[in-house]
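J.: heads up, no residue letters with this:
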DNA sequence: ATCGGTTTTGTAAGCGATTACTAAATTGAA
DNA sequence: TTCAATTTAGTAATCGCTTACAAAACCGAT
């Protein structure tokens, strides 16, 4: 049952356990060349496997970086994770990913406790909206953490995300520049999440600067999902009061487009659709979705770098956004 | 820096560390009610956090189930993971997910070593094609493991997946039943992977039973990706020799459809397209993709159950497949 | 030969929990 | 009241590794 320990290697190689430990941990300058050779040799022969639990117990430090993702449904998470992987790997950090059920506080707690009790090196939370008690739990530890792709009011929470006000503002601005004046906002959570509120505020500001006051029917809040996009479009109806719709996510944008088709509307001829996110999905749907693209990969990179940094840099940081024009938005032309 | 230990609690509560351990680990029947009360109380007051490393060191057992995924790109992985989560959670197993770069043996090794050195309870590998040395590494441990959504020749490797021969056979059969006789096979890896070879064999058998011998141009191998689907369709050309195409994955199927559109072909009027997998993607594209749908969620469930089982059940198991008709396949009607 | 300095190695004390073993306290029956 | 059985609690060893400290071993220079 039990495996090979450094003592076994020590005995076999005729050295002390301390020496074995030093060689295997590569504490350069603390052992001779031929000793190292012999130790490594016997370690391999014996099929030695380090016991991480023992190491972490004594060093009080792990080489693991934990990533907690809210749900498997967020498709941009993979891009962030790729950025995380690419940055963590060379830094000799192992990335472990845990899913916390969407709004499930119990699962959040389990995921958090799992990584906290392991004393991971850092915790990155991908658009996780933590329940208050779980936030307290997270903050009660010494473990550095950073939220990704989600923002908070006030200066105390560390996060890296897009400037959501700018997201709403720039996207709306783009649609205005294309001649649209009656612009819808769909499947954005304007009720509870700060993200959604900021996006709506940016949207309203852009409209205001163009001298436009959005009618209540233009805004159909939702949870960024595909059904939310469908529902919003269903509400706009077959003769929408808007000529363009800004959707809260790519999936929501696709929901809007498909529902529009169901209603007999051609995108982009009868209705322009723009989505927020800019994931691969935009390229594979027809027509290809024009998007306000976020820098998800960069978020992952920046998140890991923050965990790596010894002194804490600025608490909050924004990653770039840009409009990527594809085929779902066209210049508005008045119908006769 | 350092945290609260059971000794601190013991001192504070006026009991021995052993008692604290028993209470906190809920070793029922080994402590009095009021003692338990007091211990739990002080543990909470002191903000105690269990040290998993210490526990695992002495118990030689972890509560973690490791899932190793080949790449972030496989979109069906999320379904499997959901099945895993749903089954592991009630069984008091924590699921940790690690990505191993697609074909990158080095990253595979890192991921494997990470979980092996932690003595996780079990390892589930999602369509990971392990390099030989890494397979040896995996097998050199006592840790139970099981491959998901990938198969192997011979009876020695434990896996749970769809019967890939049936996948090819059933899908092709379905297209034959819809009147098609010239059927393409696209973006399936018929070169190196056993999965692809089985699918092709099933495809050929179904055709053979209908008295058809596929022409070489009908089969365009690929890596199941979107570009592979595009490339295959590009090769079929604007006047394809086939009336229906079976694509290796949903993304590949979408690639086929989009490329067909580029070539001026209408799906499904000019060409029927069927994909293998049946993920959410099928429902959000236009036209909705008819698919040979796999039971990914069930694979996850079955995988966890196998890790949970004490006595090893059958090594290899197939999960159900079914044809889900949507809009991308229509009955073949000869053109005039 | 002696000495300070550098490498290299060994000894032993933990890290924080679990648990076998022992012992005290409590209980109930005779 | 006494004794055996049962609960409840304590003592101390242990898991496998790291590392402070001490001690050889080796070096050239005096």
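T.: That came through, no problem. Owing to the predicted nature of the structure, the values given are computational and were not obtained by experimental measurement.

J.: Could you check how far the closest residue to DNA strand D within the stretch 101-250 of chain A is from residue B:133?
T.: Using Cβ to the nearest atom of the strand, the closest approach of the stretch 101-250 of chain A to DNA strand D is made by residue A:119 at 13.8 Å. Glycine gets a C-beta too; all of them are placed from N, C-alpha and C. Distance check for residue A:119 against residue B:133: by Cβ to Cβ, to the nearest Å, it reads 31 Å.

J.: likewise residue A:79?
T.: Distance from residue A:79 to residue B:133, by Cβ to Cβ: 30 Å.

J.: still on that earlier bit, list the contacts for the residue of the stretch 101-250 of chain A closest to DNA strand D?
T.: A:56, A:60-62, A:143, B:51, B:53 (Cβ atoms under 8 Å, 6 or more residues apart in numbering or on different chains).

J.: ok, so of these, who is nearest residue A:177?
T.: Nearest to residue A:177 among the contacts of residue A:119: residue A:143, at 45.2 Å, using Cβ to Cβ.

J.: buried stuff in whichever helix or strand residue A:18 is part of?
T.: In this structure, residue A:18 sits in helix A:17-24 according to DSSP states H and E. Of all the residues in helix A:17-24, those buried under the rule 16 or more other Cβ atoms under 10 Å in any protein chain shown are A:19-24.

J.: Please determine whether it lies in contact with chain B.
T.: No: applying Cβ under 8 Å from any Cβ of the partner chain, one finds helix A:17-24 out of contact with chain B, separated by at least 11.9 Å.

J.: coming back round to it: compare residue A:79 and residue B:133 (neighbour count), which wins?
T.: Just comparing residue A:79 and residue B:133: by other Cβ atoms under 10 Å in any protein chain shown the higher neighbour count belongs to residue A:79, 22 against 11.

J.: now, among the contacts of residue A:119, which is nearest to DNA strand C?
T.: Within the contacts of residue A:119, proximity to DNA strand C (Cβ to the nearest atom of the strand) peaks at residue B:51, which comes in at 3.6 Å.

J.: what angle separates the helix or strand hosting residue A:95 from strand B:94-99?
T.: Using DSSP H and E, residue A:95 sits in strand A:94-99. Strand A:94-99 and strand B:94-99 are oriented at 130 degrees to each other (axes from the mean of the first three to the mean of the last three Cα atoms, to 10 degrees).

J.: just checking, what packs against strand A:94-99?
T.: strand A:64-69, helix A:77-88, helix A:105-116, strand B:94-99, helix B:105-116 (3 or more Cβ pairs under 8 Å, 6 or more residues apart in numbering or on different chains; DSSP states H and E).

J.: Quick one, which of those gets closest to DNA strand C.
T.: Comparing the helices and strands packed on strand A:94-99 by Cβ to the nearest atom of the strand, helix A:105-116 comes nearest, at 11.9 Å.

J.: Could I get the average pLDDT for the helix or strand following the closest one?
T.: Counting by DSSP H and E, the element after helix A:105-116 in chain order, helix or strand, is strand A:122-126. In this model, strand A:122-126 has an average pLDDT of 96.

J.: Chain A: helices as residue ranges?
T.: A:6-13, A:17-24, A:33-46, A:52-59, A:77-88, A:105-116, A:132-139, A:164-177, A:194-209, A:226-236, A:250-262, A:281-284, A:296-308 (DSSP state H).

J.: Turn these into CSV, including distance to residue B:323.
T.: Shown next, in CSV, are these (distance: least, Cβ to Cβ, whole Å):
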stretch, distance to residue B:323
helix A:6-13, 56
helix A:17-24, 55
helix A:33-46, 51
helix A:52-59, 46
helix A:77-88, 28
helix A:105-116, 34
helix A:132-139, 43
helix A:164-177, 40
helix A:194-209, 40
helix A:226-236, 23
helix A:250-262, 23
helix A:281-284, 23
helix A:296-308, 35
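
J.: how many other residues sit next to the residue lying closest to residue A:173 once chain neighbours are set aside?
T.: Once flanking residues are discounted, residue A:173 sits nearest to residue A:206: 4.7 Å by Cβ to Cβ, 6 or more residues apart in numbering or on different chains. Applying other Cβ under 10 Å, we find 21 residues neighbouring residue A:206.

J.: and the stretch 51-200 of chain A, which residues reach DNA strand D?
T.: A:51, A:54-55, A:57-59 (Cβ under 7 Å from any atom of the strand).

J.: Out of those residues, who's the most crowded?
T.: Going by other Cβ under 10 Å, residue A:51 tops those with 20 neighbours.

J.: residues from chain A in reach of DNA strand C?
T.: So far as Cβ under 7 Å from any atom of the strand goes, chain A lies against DNA strand C at A:14-19, A:22, A:29-33, A:35, A:54, A:57-58, A:60.

J.: now the residue nearest to residue A:173: how far from chain B?
T.: Computed as Cβ to the nearest Cβ, to the nearest Å, the residue A:206 to chain B distance reads 29 Å.

J.: Can you name the residues that contact that residue?
T.: A:168-170, A:172-173, A:176.

J.: Find the nearest non-adjacent residue to residue A:273, please.
T.: Using Cβ to Cβ, 6+ apart, the closest residue to residue A:273 is residue A:328 (4.6 Å).

J.: Spell out which residues sit in contact with the one you found, please.
T.: Going by Cβ under 8 Å, 6+ apart, residue A:328 touches A:253, A:257, A:267-268, A:272-275, A:287-290.

J.: burial of residue A:264, as a residue count?
T.: 9.

J.: Could you report the neighbour count for the residue lying closest to it once chain neighbours are set aside?
T.: In space, and not counting its chain neighbours, residue A:264 is closest to residue A:238: 5.9 Å by Cβ to Cβ, 6+ apart. Using other Cβ under 10 Å, residue A:238 has 12 neighbouring residues.

J.: got a list of what residue A:238 touches?
T.: A:263-265.

J.: rewinding a little: dump the helices and strands packed on strand A:94-99 into TSV; add mean pLDDT as well.
T.: What follows is these, written out as TSV (pLDDT from 0 to 100):
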stretch	mean pLDDT
strand A:64-69	96
helix A:77-88	94
helix A:105-116	94
strand B:94-99	95
helix B:105-116	94
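
J.: Can you lay out those as CSV showing distance to residue A:311?
T.: Shown next, in CSV, are the helices and strands packed on strand A:94-99 (distance: least, Cβ to Cβ, whole Å):
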stretch, distance to residue A:311
strand A:64-69, 18
helix A:77-88, 18
helix A:105-116, 23
strand B:94-99, 29
helix B:105-116, 28
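
J.: Please read off the pLDDT at residue A:334 from the model.
T.: Per the predicted model, pLDDT is 75 at residue A:334.

J.: now residue A:73
T.: 67.

J.: neighbours around residue A:56, how many?
T.: When neighbours are counted by other Cβ under 10 Å, residue A:56 comes out with 23.

J.: In contact with the residue nearest to it when sequence neighbours are not counted, which residues?
T.: The shortest distance from residue A:56 to any non-neighbouring residue, by Cβ to Cβ, 6+ apart, is to residue B:53 (4.0 Å). Counting by Cβ under 8 Å, 6+ apart, residue B:53 touches A:52-54, A:56-57, A:118-119.

J.: Roughly how far does residue B:53 sit from residue A:131?
T.: The gap separating residue B:53 from residue A:131 is 27 Å, by Cβ to Cβ.

J.: neighbouring contacts of stretch A:11-29?
T.: For stretch A:11-29, contacts defined as Cβ under 8 Å, 6+ apart pick out A:6-7, A:9-10, A:30-31, A:35-36, A:38-43, A:45-46, A:48, A:50.

J.: Of those, which are in range of chain B?
T.: Among the contacts of stretch A:11-29, chain B is touched by residue A:50 when using Cβ under 8 Å from any Cβ.

J.: Leaving aside the residues adjacent along the chain, what's closest to the spatially most central residue of chain A?
T.: Centroid-nearest residue in chain A: residue A:126, 4.0 Å away (criterion: Cα atoms, centre = their mean). Leaving aside its sequence neighbours, residue A:126 sits nearest to residue A:69 (Cβ to Cβ, 6+ apart; 4.6 Å).
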